[in-house]
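[1] Show me the folded form of this:
(one chain, ligands or ions: 1)
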Amino acid sequence: MNTALKITAFATGLAAAFTAAYGVGRAVGPVPARAAQPPAAHAAHGEGPAAAHGDHRVGGLQVADRGYALRLDRTVVPAGGPIELRFQVLAPDGHPLTAYRTAHEKELHLIVASRDLTDFQHLHPVRAADGTWTAPADLPAAGDYRVFADFTPAAETDPLTLGADLHAAGDHRPAALPRTGRTVTVDGYTLTLTGDLTPGRPGRLAFTVSRDGRPVTDLDPYLAAYGHLVVLRAGDLGYLHVHPDGEPGDGATAPGPEVDFTATAPSPGDYRLFLDFRHQGTVRTAAFTLTAAEAHQH
Ligand SMILES: [Cu+2]
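    Reported below is the predicted structural model:
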């Protein structure tokens, strides 16, 4: 189904310009070597209806939208230790939502990001029959976090991203927006980003993965793609919907070294890009900062 999302036409114009080395950045914060998610936690597999292809609205800015509401069990948690995140999505009838469409192999994707965009976690909570979701988490530092629930109710066709504030108690030391350049290293892997975010226009973002100077050509499938990308806007943590270009087994998409996405920036400005990729069974996250600017600047 994702083959329909391929937008190869954009490749031509964007690919060439960004071949220079930009210096080595660094993925910020601890990047735990999270184990592969057991697929058994989610019963349904395969993609739901196509994620709205033209959906370039920003998500995550509202705790309630289109009649659905995200309700966290608690909004203040301790920092620096294991916690359990617990929440429900309330349906328009006021009851916890229990019927979802599957997207990227899951009924619901949970993203937790620090407000200063230095920490990022992509979690896959487990849903109880009554609609209560739980996920183990660990917020590394005190401060304000945003929790994003990305899902599609069974009764809807367009995905929803609801966002809620979560506070980790303690001595808060906010960081300035990290500057990364286009090459980032994480855990011995080097990722280089080509392509751009252009306000109002879909653009192709390509990540090239290497290790020890050699291209990685045997990435593991992860969430029906060879990578999963979340883009958050600096300033308000607006959540962009990003589509992978191609999927494992479609006969055209290679398991690296390049992983491609299409995204549209809603406005000029800075964005943080968090790429989850899996290699040899371990999911890692590379974080980039990218500025969206009009294509023709003077
Ligand atoms: Cu997910």
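
[2] Sort out which residues of the helix or strand hosting residue 284 are buried, please.
    Assigned by DSSP states H and E, residue 284 falls within strand 282-292. Judged by neighbour count using 16 or more other CB atoms under 10 Å, the buried positions of strand 282-292 are 283, 284, 285, 286, 287, 288, 289, 290, 292. (C-beta placed from N, C-alpha, C; glycine too.)

[3] Distance from it to the middle of the chain?
    For strand 282-292, the distance from its own C-alpha centre to the chain's C-alpha centre is 9 Å (CA atoms, centre = their mean, to the nearest Å).

[4] tell me what that strand is packed against?
    Strand 282-292 makes packing contacts with strand 34-35, strand 120-123, strand 183-186, strand 189-195, strand 269-279 when contacts are defined by 3 or more CB pairs under 8 Å, 6 or more residues apart in numbering; DSSP states H and E.

[5] partners of the helix or strand just after the shortest one in the sheet?
    As assigned by DSSP H and E, the chain's next helix or strand after strand 34-35 is strand 64-65. Strand 64-65 pairs in its sheet with strand 68-72 (antiparallel), by DSSP bridges.

[6] May I see the buried residues of the helix or strand that the partner strand is followed by?
    Remark: after strand 68-72, the chain's next helix or strand is strand 76-78, criterion DSSP H and E. Of the residues in strand 76-78, those buried by neighbour count under the rule 16+ other CB under 10 Å are residue 77.

[7] How about stretch 115-134?
    So, applying 16+ other CB under 10 Å, buried residues of stretch 115-134: 115-125, 127, 131-133.

[8] what mean pLDDT does the strand holding residue 284 have?
    Predicted confidence along strand 282-292 averages 97 (mean pLDDT).

[9] Could you give the number of residues near residue 73?
    The criterion is other CB atoms under 10 Å. On that basis, residue 73 has 13 neighbouring residues.

[10] On the three-state scheme, the nearest residue to it once chain neighbours are set aside is what?
    For residue 73, ignoring the flanking residues on the chain, the nearest one in space by CB to CB, 6 or more residues apart in numbering is residue 86 at 3.6 Å. In terms of secondary structure, residue 86 is strand; the call rests on DSSP: H, G, I helix; E, B strand; the rest coil.

[11] ok, now which ones touch residue 86?
    Under the criterion of CB atoms under 8 Å, 6 or more residues apart in numbering, the neighbours of residue 86 are 72, 73, 74, 132, 133, 134.

[12] What is the nearest of these to residue 202?
    Taking CB to CB as the measure, residue 202 sits nearest to residue 133 out of those, at 31.3 Å.

[13] so what pLDDT did the closest one get?
    So, for residue 133, pLDDT stands at 98.

[14] how near is residue 254 to residue 182?
    Distance of residue 254 to residue 182, computed by CB to CB, to the nearest Å: 21 Å.

[15] Looking at those two, which one has more neighbours?
    Neighbours per residue, other CB under 10 Å: of residue 254 and residue 182, the larger number sits with residue 182, 21 against 13.

[16] List the beta-bridge partners for residue 198.
    Under the criterion DSSP bridges, residue 198 forms beta bridges with residue 201.

[17] I'd say it and residue 290 touch.
    No: with the criterion set as CB atoms under 8 Å, residue 198 and residue 290 do not qualify as a contacting pair; they are 10.8 Å apart.

[18] now the end-to-end length of stretch 234-246.
    Between the opening and closing residues of stretch 234-246 lies a distance of 28 Å (CA to CA, to the nearest Å).

[19] any idea of the mean pLDDT for that stretch?
    In this model, stretch 234-246 has a mean pLDDT of 91.

[20] buried stuff in that stretch?
    By neighbour count, with 16+ other CB under 10 Å as the criterion, the buried positions of stretch 234-246 are 234, 237, 238, 239, 240, 241, 242, 243, 244, 245, 246.

[21] Now intersect those with the strands, please.
    Counting by DSSP state E, the buried residues of stretch 234-246 place 239, 240, 243, 244 in strands.

[22] still on that earlier bit, what pairs with the strand holding residue 284, and is each one parallel or antiparallel?
    For strand 282-292, pairing defined by DSSP bridges yields strand 34-35 (antiparallel), strand 269-279 (antiparallel).

[23] Redo these as JSON lines? Include mean neighbour count, mean pLDDT and distance to residue 67.
    As requested, the strands paired with strand 282-292 are arranged in JSON lines below (neighbours: other CB atoms under 10 Å; pLDDT from 0 to 100; distance: least, CB to CB, whole Å):
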{"stretch": "strand 34-35", "mean neighbour count": "12", "mean pLDDT": "40", "distance to residue 67": "33"}
{"stretch": "strand 269-279", "mean neighbour count": "21", "mean pLDDT": "97", "distance to residue 67": "29"}
